[in-house]
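J.: Coordinates for the following, if possible.
(2 chains)
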Amino acid sequence: MLIVAYVLTAAYSAAQIRPSHSNSNGTSVSWTTDGRLVLSTSINITNRGWYALADFRIETSVAFANGTLIAHGGAASVTVPPGGTTVVPIAISIPLGLTGPAAALLTHDAKLPATTFANATFAGVFGIHLEIPNNQSWGAPFFGLNATAGTPALEPNGSVAIPVRVMFQDHSSIDDRGSLLFSVESSTGSTCATGSFPVDVPSKAGFDQTQTLFFSSSCDPHGGTLVSSYTTMGVTVSLPPESLP
Amino acid sequence: MTSATSGHTDLAPTGKPYRVPSLARRLALGTVLLFPFVILYIVLPTLALGQFSRIGLTSPIPTFLIVAGGAALSILGAARYIVKPTRAFGPVWVTGSLVALGYLLLLLPYASFSVAPGNNATLTLDYRMLLILVMAIPAISLVAGLVTSWEDARHPKERLPYDFPA
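T.: A predicted model of the protein is given here:
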């Protein structure tokens, strides 16, 4: 009968556990030195039961809508005492390199299905498994990155001056502050010119700048490609190449 | 010497007296014992699972498994009482322990409760470890039944003065 009472109280207590996400103000974003974006958020675990949640470990997976895994993060194990609430911080590191599955996130917004898994020991001999699905809204730091080459003008020294316009919107929650380095390649792949823009774009603001570059008469950027990279605080992130019409 | 099923006082090979209830009496009491066994093994678990589902705790245990396992344990429990004075006591005890072990093993894949605590979350409480620990009880009972069967074969009626003192 003691065993039965133990099971009954443990089951009832387990039903009193309440997970909840922190509000949106609790999510911060930052760059790492190897070009990853780290999403830092937290989950509140309220334990209204009679037994402690011991060795509570959380892992979060973020994927595209088609199921392709983008990133995986977790938190150190914690103990949630009976009658208490514990805030569990979670860090998700998203690789934004051009070779990874998350390259599109640099320039495209997305709704990313995320699932948080947690395991814990409960009341000594019981195992608890918690699964919380939700959708993470992703705002691209270089949403709509677009480059256009303007009308060429022949210079007296024989070179050709062509204005190159670069535009994007910062839809992410972090400011874009750094430098945008770019090179213009012709349709045959040869580098025609290089340039850079200083970038100081607050979150949710836009960037629209034009720089006049000088090309040799043999190098036509129209139909070519603008290859760029963004550097901030020692971090360099390659951006998707943009076609120049 | 009088039969162990007659209800009269007898002497064991050790010389100690014993008095075994008649078969009719044992059958009657064994039938009465069925009721608390059925309540313990079938009614209470079914009611508990029903109450749990009312507070949102769902269990995947099939009802027929509770009924079948509970019925087997109840019948074997009553039968054990009825055949207690005979050499069938040990084998029935062993059979009951094996059925209990098998029942717990069949319950293992279903040993969880699930609840939706909000925010689209799913919480699962896994009590397989507890069931494995509880298996120690029928395991020890199995050994006791085997020992009793062996002793009854070697020394018939030796335990009767202790089980049925005059």
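
J.: Tell me the secondary structure at residue 10.
T.: The chain I'm using is chain A. Following DSSP: H, G, I helix; E, B strand; the rest coil, we place residue A:10 in the helix state.

J.: That one against residue A:123, yeah?
T.: Yes: using C-beta atoms under 8 Å, residue A:10 is in contact with residue A:123, at 4.3 Å. For every residue, glycine as well, the C-beta is placed using N, CA and C.

J.: Need the overlap of contacts for those two.
T.: Counting by C-beta atoms under 8 Å, 6 or more residues apart in numbering or on different chains, the contacts common to residue A:10 and residue A:123 are residue A:51.

J.: Now do stretch A:66-77: distance to the chain's middle.
T.: Averaged C-alpha coordinates place stretch A:66-77 at 12 Å from its chain's average position (C-alpha atoms, centre = their mean, to the nearest Å).

J.: Quick one: mean pLDDT over it.
T.: Averaged over stretch A:66-77, pLDDT sits at 83.

J.: Next: stretch A:215-230.
T.: 81.

J.: how much space is there between residue B:58 and residue A:206?
T.: Residue B:58 is 51 Å from residue A:206, where distance means C-beta to C-beta, to the nearest Å.

J.: Over to residue A:79?
T.: To residue A:206, residue A:79 is 47 Å away according to C-beta to C-beta.

J.: now residue B:54
T.: Distance of residue B:54 to residue A:206, given as C-beta to C-beta: 55 Å.

J.: okay, these two: which has more neighbours?
T.: Using other C-beta atoms under 10 Å in any protein chain shown, the more surrounded residue of residue B:54 and residue A:206 is residue A:206, with 13 against 7.

J.: Let me know the pLDDT of that one.
T.: In this model, residue A:206 is scored at 94, pLDDT.

J.: neighbours of the nearest residue to it once chain neighbours are set aside, just the number please.
T.: Leaving out its chain neighbours, the residue that sits closest to residue A:206 by C-beta to C-beta, 6 or more residues apart in numbering or on different chains is residue A:169, at 4.7 Å. Using other C-beta under 10 Å, residue A:169 has 22 other residues around it.

J.: so what's residue A:169 scoring on pLDDT?
T.: 94.

J.: what do you get for the one 10 residues further on?
T.: Residue A:179 is assigned a predicted lDDT (pLDDT) of 90.

J.: how far away is it from chain B?
T.: Going from residue A:179 to chain B by C-beta to the nearest C-beta, to the nearest Å gives 41 Å.

J.: Quick check: bridge partners of that residue?
T.: residue A:198, residue A:231 (DSSP bridges).

J.: pretty sure it is in contact with residue A:228, am I right?
T.: No: with contact defined as C-beta under 8 Å, residue A:179 does not count as touching residue A:228 (10.1 Å).

J.: Looking at chain A, which residue is nearest chain B?
T.: residue A:127 (3.7 Å; C-beta to the nearest C-beta).

J.: ok, then the element right after the strand or helix carrying that residue?
T.: Using DSSP states H and E, residue A:127 maps to strand A:126-138. Next along the chain after strand A:126-138, taking DSSP H and E as the criterion, comes strand A:143-149.
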